[in-house]
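Asker: Okay, predicted coordinates and the sequence, questions at the end:
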Amino acid sequence: MGKVVAVYSMKGGVGKSSLAVNLGWEAVRASGGKVLIWDVDAQGAASFLLGETGAGMALSPGGGTAKKIFSRDVDPADVVEQTAYPGLDLIAADLSLRHLDADLLEADRPKRLRKLLARVADDYDWVILDCPPGLGELSDQIFRAADVLVVPVVPAPLALRTLEQVRARLAETRGKKAPPMLPVLSMVDRRKALHREMVEEHSHWPVIPMASVVEKMGLERAPLGVFAGKSSAAAAVKEMWKQVGAMVG
């Protein structure tokens, strides 16, 4: 069964979806294996960034299918789409996921996500979840399902407080079986003294720079490695993926 990497943050606007897409692409490049990105965020940013299918057609927005996976009306394996990048597949998100947290709580199925992942993970070396922000039933299910949690953190004191809240909830949910967590300093601008201080203080955390090429992903609708493979941001993702791989053995 493929390892599950959850890219998660309590807060939005921290570069989570771009990181998920870049990690997925790097996982394929580094291992030559098969990788699935499952977009569980109703905004569908990862689905958008992956652009077109291998057939040159726009990836489906889902039309309500995303929620039907969780109600078990649709098998997740039946809605996997090939992206334009060999080895990298996608389960797309759509707006039907916007109430997923409440739906899962009402259904009282605390292991629903883990069971759904089991239906597709055997076909992949890695499954990367692009998770929505927030802390609730869905995040608890993500914590139960993940083999490693990648948490983007902007360089700010309040972000560190949020990180500790996530760490505490993860321990409460999984106890001694909690997956390893990899905080990632995201959107780092080394011209700012606070950012430099936080990088120095947390020197063992990966650092993703604030860079125009990352913002350009929205225009290119492609991973960094496709159009800016020699950039510092792409190099940072490459090093981060090595850490992720080491954490899950």
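Answerer: Yes, it's here.
Asker: Tell me where the longest strand sits in this structure.
Answerer: As assigned by DSSP state E, the longest strand anywhere in the chain is strand 181-188.
Asker: pLDDT of that strand, averaged?
Answerer: Across strand 181-188, pLDDT averages out at 97.
Asker: List the buried residues of it.
Answerer: Neighbour-count burial for strand 181-188 flags 181, 182, 183, 184, 185, 186, 187, 188 (criterion: 16 or more other Cβ atoms under 10 Å). Using the backbone N, CA and C atoms, a C-beta is placed for each residue, glycine as well.
Asker: which secondary structure elements does it contact?
Answerer: Under the contact criterion of 3 or more Cβ pairs under 8 Å, 6 or more residues apart in numbering; DSSP states H and E, strand 181-188 touches strand 148-153, helix 157-174, helix 193-201, strand 207-209, helix 232-248.
Asker: Please enumerate the strands of this structure.
Answerer: Assigned by DSSP E, the chain shows strands spanning 3-7, 35-39, 81-82, 88-91, 126-130, 148-153, 181-188, 207-209.
Asker: Could you pull up the residues touching residue 103?
Answerer: Residues near residue 103 by Cβ atoms under 8 Å, 6 or more residues apart in numbering: 67, 70, 71.
Asker: So which of the residues you listed is surrounded by the most neighbours?
Answerer: The residue in the contacts of residue 103 with the most neighbours, by other Cβ atoms under 10 Å, is residue 70 (22 neighbours).
Asker: and it, what does it touch?
Answerer: The contact partners of residue 70, taken as Cβ under 8 Å, 6+ apart, are 97, 100, 103, 104, 112, 113, 116.
Asker: burial count for the fourth one?
Answerer: Other residues near residue 104 number 20, with proximity taken as other Cβ under 10 Å.
Asker: okay, the buried residues of strand 181-188 in CSV with distance to residue 212 next?
Answerer: As requested, those are exported to CSV (distance: Cβ to Cβ, whole Å):
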residue, distance to residue 212
181, 29
182, 25
183, 24
184, 19
185, 18
186, 15
187, 12
188, 14
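Asker: Residue 232 is nearest to which of the strands of the chain?
Answerer: Nearest to residue 232 among the strands of the chain is strand 207-209 (5.7 Å), distances taken as Cβ to Cβ.
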